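1. quick one, fold the following:
(one chain, ligands or ions: 2)
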Amino acid sequence: MRDLVPEPLTRDAFAPFGTVIETAGAKSFQINEGFATRYHALASADPGDGGTAILSIFRGRRRPDPIRIAMLERHPLASQAFVPLSAHDWLVVVAEEPRAESLRCFHARGDQGVQYARGVWHHPLLVLAPEQDFLVVDRDGPGGNLEERTLDAEAYVRI
Ligand SMILES: NC(=O)N[C@@H](O)C(=O)O
Ligand code: NI
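-> Numbers count the residues shown, from 1 in each chain. Ligands and ions are numbered 1, 2, ... in the order given. Next comes the predicted model:
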């Protein structure tokens, strides 16, 4: 058993797992006669072969403290993106391999989203607010797009 120490979510640190979706540091340009700023193509959805990119809303609820990490999942056919719809911090737990010693925990700000690249091991949505909505972009289509794995040891996030 181990405690995970959340690290700040940055593009560089998260690069092995996917993309950070945020306006900070992003290229942008003015549109709509100057009444809007477009932060263009912050991520590119990957619905995989024969899939359709779909948009859903997940209403996440905080898990009991300390937050227990006992399993991971991945989507072998497509990417999955989470963008918070309210400005509250949340957690992102990923791993290169589905083993406790491989776990990484990122502390995401409320103005940061992530896209997990296809096949990246991650924990299902972890919110810190009592309830928080997220826009989710992932795949609809044929084939099994969910693989779950119980970890060899549990880990906890105390926050
Ligand atoms: N079940 C489901 O769609 N949610 C997970 O994929 C997740 O990453 O939260
Ligand atoms: Ni997922």
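2. how about the residues of the protein near ligand 1?
-> The chain comes close to ligand 1 at residues 73, 80, 122, 124, 125, as judged by CB under 6 Å from any ligand atom. Yep, even glycine has a C-beta here, placed from its N, CA and C like the rest.
3. tell me who's in contact with the fourth one.
-> With contacts taken as CB atoms under 8 Å, 6 or more residues apart in numbering, residue 124 has the following neighbours: residue 73.
4. reformat the residues of the chain next to ligand 1 as JSON lines; add secondary structure and distance to residue 63.
-> Formatted as JSON lines, those follow (DSSP: H, G, I helix; E, B strand; the rest coil; distance: CB to CB, whole Å):
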{"residue": "73", "secondary structure": "strand", "distance to residue 63": "15"}
{"residue": "80", "secondary structure": "strand", "distance to residue 63": "19"}
{"residue": "122", "secondary structure": "strand", "distance to residue 63": "15"}
{"residue": "124", "secondary structure": "coil", "distance to residue 63": "10"}
{"residue": "125", "secondary structure": "coil", "distance to residue 63": "10"}
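5. endpoint to endpoint, stretch 93-106 covers what distance?
-> This stretch, stretch 93-106, spans 6 Å end to end (CA to CA, to the nearest Å).
6. quick one: contacts of that stretch?
-> Taking CB under 8 Å, 6+ apart as the rule, stretch 93-106 contacts 2, 4-9, 13-14, 16-17, 69, 72, 74, 91-92, 114, 116, 120-123, 126, 149, 151-155, 157.
7. hmm, back to that, of the residues of the chain next to ligand 1, closest to residue 57?
-> residue 125 (11.3 Å; CB to CB).
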